[in-house]
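# Sequence first, then the predicted structure:
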Amino acid sequence: MVKKFNWNKWTRKTHYWGSFIVLLPVLIIIVTGIFLQLKKDVVWIQPETTTGQISNDPSISFEQILDIAKTIKEAGISSWEDIDRLDVRIGKGIVKVRSNNRWEIQIDTHSGEVTQVAYRRSDLIEQIHDGSWFHDKVKLWIFLPSGIILFVLWITGFYMVLLPYIVKWRKKLK
């Protein structure tokens, strides 16, 4: 005798065990996601972008940017290898120099004046959020499967919400 597959039982077990499996990764994703939603509003997470002298033609060179960045002790910059990236905002007259140690220097693209030096946490929070801070294998073998399991939880949860309505609908048809 072949036993009939019970969708109700399967969805409840999947939902129950899946929620335990993804508990920690999803908690990390939720908490860091909340921080990332607030990054433009909370200066502690990401420094506010200042405004320099607005000009469509920046008047400082890359070498001048490097020389200016070298003067900021916190950033620990001695060569281009110490710089993670440059973020040029022509419309605001600013270039953001992000060092490898997460310090951000904002420099006026016209005068070369340092308008702000601050620690930038948003990139670190983003790496924790996607799992790459732990290790690339953690990102691919824990956080990615957790996302897939979370999707399955969403589907099984949706089924469990609809199930009473399906039962009522079937009873009305009889």
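Perfect, thanks for sending it. Please read these numbers as outputs of a predicted model, since none were measured by experiment. Residues are numbered from 1 along each chain as shown.

# distance of the closest residue to Val42 other than its chain neighbours from Ile90?
Distances taken as CB to CB, 6 or more residues apart in numbering place Phe35 nearest to Val42, at 7.9 Å, with adjacent residues excluded. Placement of C-beta: from N, CA and C, glycine included. The gap separating Phe35 from Ile90 is 29 Å, by CB to CB, to the nearest Å.

# one step back: pretty sure the residue nearest to Val42 sits against Ile45.
Yes. Using CB atoms under 8 Å, Phe35 is in contact with Ile45, at 5.8 Å.

# Find the residue at the geometric middle of this protein.
Glu126 (3.2 Å; CA atoms, centre = their mean).

# which element is it on?
In this structure, Glu126 sits in helix 122-130 according to DSSP states H and E.

# what's in contact with that helix?
With contact meaning CB atoms under 8 Å, 6 or more residues apart in numbering, helix 122-130 is reached by 28-29, 32-33, 35-36, 39, 45-46, 98, 102, 133-134, 139, 143.

# Of the residues you listed, which is the most crowded?
Counting neighbours by other CB atoms under 10 Å, Gln46 comes out on top of the contacts of helix 122-130 with 21 neighbours.

# Rounded mean pLDDT for the biggest helix by length in the chain, please.
Once the chain is assigned using DSSP state H, the helix that runs over the most residues is helix 144-173. Across helix 144-173, pLDDT averages out at 88.

# before we move on, what about stretch 41-50?
On average, stretch 41-50 scores 92.

# Name the residues of that stretch that are buried.
Applying a neighbour-count criterion of 16 or more other CB atoms under 10 Å, one finds 45-47, 50 buried in stretch 41-50.

# CA atoms only for that stretch - export them in PDB, please.
In PDB, the C-alpha atoms belonging to stretch 41-50 read as follows (Å, rounded to 0.1, in the frame of the first residue of the first chain):
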ATOM      1  CA  ASP A  41      20.900  58.800   8.300                       C
ATOM      2  CA  VAL A  42      23.400  57.800  10.900                       C
ATOM      3  CA  VAL A  43      26.900  59.400  10.700                       C
ATOM      4  CA  TRP A  44      28.400  56.600  12.900                       C
ATOM      5  CA  ILE A  45      27.700  54.100  10.100                       C
ATOM      6  CA  GLN A  46      28.700  56.200   7.100                       C
ATOM      7  CA  PRO A  47      30.200  59.700   7.200                       C
ATOM      8  CA  GLU A  48      28.000  62.400   5.700                       C
ATOM      9  CA  THR A  49      29.200  63.600   2.300                       C
ATOM     10  CA  THR A  50      30.500  67.200   2.600                       C
END
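
# can you pull out the strands in this structure?
83-89, 94-99, 103-108, 114-119 (DSSP state E).
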